[in-house]
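Q: just coords:
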């Protein structure tokens, strides 16, 4: 599929919680093509990238991801978090 050029693409609720995903995650060709047509790709992280064991009082799960999982974002070539 041929996509038009975009100024921005926004992605929400990205949560890279699986440490093994750094090696195993692949980005499909359609998504790669779409993201390559954007001048700026912006992602909203659903969880912090931290090694901290501290938790906050909140409703719902306390999600966190290893800071090394930022490599997933580099693969996708996001420019803003």
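A: Here it is on my side, so go on. Just so we're clear, the structure is a prediction, and the values are computed from it rather than from any experiment.

Q: the helices in the protein, which residues?
A: Using DSSP state H, the helices found in the chain span residues 21-24, 29-36, 70-76.

Q: Adding mean neighbour count, mean pLDDT and distance to residue 55, write these out as CSV.
A: To be clear about C-beta, it is placed using only N, CA and C from the backbone, and glycine gets the same treatment. As requested, those are exported to CSV (neighbours: other C-beta atoms under 10 Å; pLDDT from 0 to 100; distance: least, C-beta to C-beta, whole Å):
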stretch, mean neighbour count, mean pLDDT, distance to residue 55
helix 21-24, 12, 59, 22
helix 29-36, 13, 83, 33
helix 70-76, 15, 75, 21
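
Q: and these as CSV, adding distance to residue 14?
A: Conversion of the helices of the chain to CSV gives the following (distance: least, C-beta to C-beta, whole Å):
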stretch, distance to residue 14
helix 21-24, 12
helix 29-36, 13
helix 70-76, 8
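
Q: closest to residue 50 out of these?
A: Nearest to residue 50, of all the helices of the chain, is helix 70-76, at 11.2 Å by C-beta to C-beta.

Q: Tell me which other helices or strands that closest one touches.
A: Contacts defined by 3 or more C-beta pairs under 8 Å, 6 or more residues apart in numbering; DSSP states H and E place helix 70-76 against helix 21-24, strand 38-45.

Q: circling back to that earlier point, nearest to residue 5 among the helices of the chain would be which one?
A: Per C-beta to C-beta, nearest to residue 5 of those: helix 29-36, 9.8 Å.

Q: and the angle for that closest one with strand 38-45?
A: On the basis of axes from the mean of the first three to the mean of the last three C-alpha atoms, to 10 degrees, helix 29-36 is oriented at 110 degrees to strand 38-45.
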